[in-house]
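[1] quick one: sequence and predicted model below, then my questions.
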Amino acid sequence: MDYSAYTGMDASDTEEKITRQRRILSAANVILAVGPKLKESAEAKVAGAGVRVEQVIPGLAEVSGVSPPTRFRAITYGRLEASNDRLKQTSLAVAGFARASAPKYGGLVPDDNITVIGIDSDGRLAHHRELLELAQDEAKRAVQVHAWPYLDDRIKLLDHLRNSSVCLMLSVHEGFGLAGWEAIAAEVPLIVSRNSGLFETIDRLAGGMGTGCLVGVDIRGAVGVPAYRPEDVDTVSNAILEVSKNIGRAKTNAVTLKRLIQRLCTWPSLAETVAAALGFGDTLALSSIQTLSRVGVDRWESRLLLDVLLNSQRNVVDEASKRNRAFANLWDSIAPPSSVISSVILFGGVSSGLCNDEAAGRFSRWLASNSAAELVLCYETGDAAVSRAKALAEEKLPDGDLPTNPIERMEQKERRILTLRERVVANVPAPEADGISRRIRYVPLRCPLTTYIMVLDEQLFITPVFDIRSTNSLTFTLSRESPEFELDVVEYMVHHLARNDEATHGADVLPDVRRLKELLGSLKTAIAGRKS
């Protein structure tokens, strides 16, 4: 834990506690910090001491989820003593629940309840009465508040947790947040402080795919009594009402989040990280186990991505349709007068319908009428093309002008893509041809893709790749209301460009790669501007 981040808010603040922690850490050979927040804290404390700090992420608890209870039940738990209420915000959880129970909101009903586990056994009855009176003042009626002492029985605790409708972890500061981590394991919808290592972990590992599956809240807190501000009560109350009124969607999000985290954070990967940090990685021969360096890419596994897009993410998707419908959108958008004036980027999966003679004519008219516009064709070749061919089921490929043999099919598609520039230029007068030719860029992708992406200026389309023709796959039009997920998509593209190293690209391709990186950088800036 990071004493300096929170002891200044209560009477336990002492110089000795903070300096002693720094002294102990500085004497270590290696520090294992749970999550990014504690890693950064440890690095700051041992700056200049030559101590290595490694981040570790635990796997999930072995607990199965159950259907939401008939009555809405909230839970918050931990070591919830009166002395740390300003930090843990136990009273705020009760106040927020009570306000959501007020008759004027028409949300929660008298039989709904909140359970607080972890109350100090000394003075528990008095503390329970304080919470009941607090809830009554907020709701203007009696509210069911259970206040129980700390539970050493982990199985019993997890059973209470999984039979809850929502878990609240509202700390003003939380180094990581194992209570919230256990809620994810139990498939319980989670309302969590953004100023927590848990929220940062999910954001960094899974981006919008993860944070869209929980409810992040900003808790301001206060010095004095109560230890929170009126707007904090509104924030928590609104979050509880959001979950209660959409409990089916909230539960689906919780199930999806567990599935995502289970894939990214496992006990074997934790073991490998610890072994490597202690210098035992080679001895234990754990190279086959997934490490955290790969999870940022592996989260884009097609079926997992499809599950997230279909079943979760508030405001992530505007529309879902067959991919060939997205092509129709492209042609509509670039037809004069074009609503797309800067760039069209086809990232993987350049379908025949995007590089035939009709497509060449459409692109030529668009480029001719928009003098600064650029067309970027990022196409699969080499190992990426072979990988895609092996994934195709030959029996599902239709007869037509392309071979049904997957390898031959990919080779012929690549030839069509590579002749598109000359066919586009053939449609325009000679004086314009050279300028238009320079605005058509080719970027070969040699690393296998799990997702095809189309970018029309700032509009993004994403298609998870399966063992069928990509034309028949579902394509999702991403909503501009979800900039976090859009940024995830752009990062995925940048990652694949980085994996195609300069030696592989060759001198003739490098200018096009650099220009694409510039376009993606501008796109990230535009999306981040909307986010802020």
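    Ah, there it is.

[2] tell me the confidence at the nearest residue to Glu62 once chain neighbours are set aside?
    Distance criterion CB to CB, 6 or more residues apart in numbering; nearest residue to Glu62, sequence neighbours excluded, is Ala185 at 7.6 Å. (Each C-beta comes from the backbone N, C-alpha and C, glycine too.) Ala185 is assigned a pLDDT of 97 by the prediction.

[3] what's the helix ranked longest in the chain packed up against?
    Among all segments of the chain classified by DSSP state H, the helix with the greatest residue count is helix 510-531. Using 3 or more CB pairs under 8 Å, 6 or more residues apart in numbering; DSSP states H and E as the contact test, the elements touching helix 510-531 are strand 343-347, strand 374-380, strand 440-445, helix 483-499.

[4] could you dump the ones you listed to TSV with mean neighbour count and mean pLDDT?
    Formatted as TSV, the entries for the helices and strands packed on helix 510-531 read as follows, by neighbours: other CB atoms under 10 Å; pLDDT from 0 to 100:
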stretch	mean neighbour count	mean pLDDT
strand 343-347	23	96
strand 374-380	23	94
strand 440-445	21	93
helix 483-499	19	86
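
[5] closest one to Val509 among these?
    Between Val509 and the helices and strands packed on helix 510-531, the shortest gap by CB to CB is with strand 440-445, which sits at 6.6 Å.

[6] tilt between the closest one and helix 510-531?
    Here the directions of strand 440-445 and helix 510-531 differ by 90 degrees (axes from the mean of the first three to the mean of the last three CA atoms, to 10 degrees).

[7] relative to helix 483-499, how tilted is the next helix or strand after strand 440-445?
    Toward the C-terminus, strand 440-445 is succeeded by strand 451-456 as the next helix or strand (DSSP states H and E). Counting by the same axes, to 10 degrees, strand 451-456 lies at 110 degrees to helix 483-499.

[8] in terms of secondary structure, what does the next helix or strand along the chain from strand 451-456 contact?
    Tracing the chain C-terminally past strand 451-456 and defining elements by DSSP H and E, one meets strand 459-464 next. Under the contact criterion of 3+ CB pairs under 8 Å, 6+ apart, strand 459-464 touches helix 302-311, helix 323-334, strand 451-456, strand 474-478, helix 483-499.

[9] do I have it right that Asp383 meets Leu449?
    No: counting by CB atoms under 8 Å, no contact exists between Asp383 and Leu449, whose distance comes to 11.0 Å.

[10] look at the two and report which has more neighbours.
    For the pair Asp383 and Leu449, the greater number of neighbours falls to Leu449 (22 against 12), based on other CB atoms under 10 Å.

[11] Asn29 versus that one, what's the distance?
    Using CB to CB, to the nearest Å, one gets 41 Å for the distance from Leu449 to Asn29.

[12] got a list of what the residue nearest to Glu62 touches?
    Residues touching Ala185, when contacts are defined by CB atoms under 8 Å, 6 or more residues apart in numbering, comprise 60-63, 158, 258.

[13] of those, buried ones?
    The neighbour-count test (16 or more other CB atoms under 10 Å) marks 60-61, 63, 158, 258 as buried among the contacts of Ala185.

[14] quick one: Ser302 and Phe466 touch, right?
    Yes: Ser302 is in contact with Phe466 according to CB under 8 Å; the separation is 5.8 Å.

[15] work out for me the element the residue nearest to Trp181 when sequence neighbours are not counted sits within.
    Excluding the flanking residues, the one nearest Trp181 by CB to CB, 6+ apart is Leu198, at 6.0 Å. Element membership of Leu198, judged by DSSP H and E, is helix 197-211.

[16] can you give the strand pairings for the helix or strand that comes right after that helix, parallel or anti for each?
    Stepping forward along the backbone from helix 197-211, the first helix or strand reached (DSSP H and E) is strand 215-217. Taking DSSP bridges as the criterion, strand 215-217 sits next to strand 190-193 (parallel) in its sheet.

[17] and the contacts of the partner strand?
    Counting by CB under 8 Å, 6+ apart, strand 190-193 makes contact with 89, 166-174, 177, 180, 183-184, 198-199, 214-219, 236, 239-240, 243, 254, 257, all of which sit outside it.

[18] do the same with stretch 73-85
    So stretch 73-85 is contacted by 10-12, 88, 90-91, 93, 97, 112-120, 123, 127, 150-151, 157, 160-161, 163-170, 179, 188, 227, 240 (CB under 8 Å, 6+ apart).

[19] can you give me the mean pLDDT across stretch 211-226?
    90.

[20] that one: end-to-end distance?
    One end of stretch 211-226 to the other measures 29 Å (CA to CA, to the nearest Å).

[21] distance between that stretch and the chain's centre?
    Distance of stretch 211-226 from its chain centroid, counting by CA atoms, centre = their mean, to the nearest Å, is 20 Å.

[22] buried residues in it?
    Within stretch 211-226, the residues that qualify as buried are 211-217, 219, 221, 226, counting by 16+ other CB under 10 Å.

[23] correct me if wrong: Lys413 contacts Gly349.
    No: because the distance of 9.5 Å does not satisfy CB under 8 Å, Lys413 is recorded as not touching Gly349.

[24] Thr115 in helix, strand or coil?
    Secondary structure assignment for Thr115 (DSSP: H, G, I helix; E, B strand; the rest coil): strand.

[25] residues near it, how many?
    18.

[26] wait, it sits on Ser164?
    Yes: taking CB under 8 Å as the definition, Thr115 is a contact partner of Ser164 at 7.2 Å.

[27] strands along the stretch 101-250 of the chain, start to end?
    With DSSP state E, counting those that start in this stretch applied, the stretch 101-250 of the chain shows strands at 113-119, 144-149, 166-169, 190-193, 215-217, listed in chain order.

[28] excluding chain neighbours, what is closest to the spatially most central residue of the chain?
    When the chain is reduced to its mean C-alpha position, the closest residue under CA atoms, centre = their mean turns out to be Gly207, at 2.2 Å. Using CB to CB, 6+ apart and skipping residues adjacent in sequence, the residue nearest Gly207 is Asp488, 3.8 Å away.

[29] and what of Met454?
    Closest residue in space to Met454, ignoring its immediate chain neighbours: Phe461 at 4.2 Å, by CB to CB, 6+ apart.

[30] okay, now the unreliable bits of the stretch 1-150 of the chain?
    Counting by pLDDT under 70, the low-confidence segments of the stretch 1-150 of the chain come to 7-13.

[31] what's the strand or helix carrying Ser437 in contact with?
    Secondary structure here is read from DSSP H and E; on that basis Ser437 sits in helix 430-438. Taking contacts as CB under 8 Å, 6+ apart, the residues outside helix 430-438 that touch it are 364, 367-368, 371, 421, 424-425, 428.

[32] just the buried ones from those residues, in ChimeraX syntax?
    Under the burial definition 16+ other CB under 10 Å, those of these that qualify are selected in ChimeraX by:
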select :364,367,368,421,424,425,428
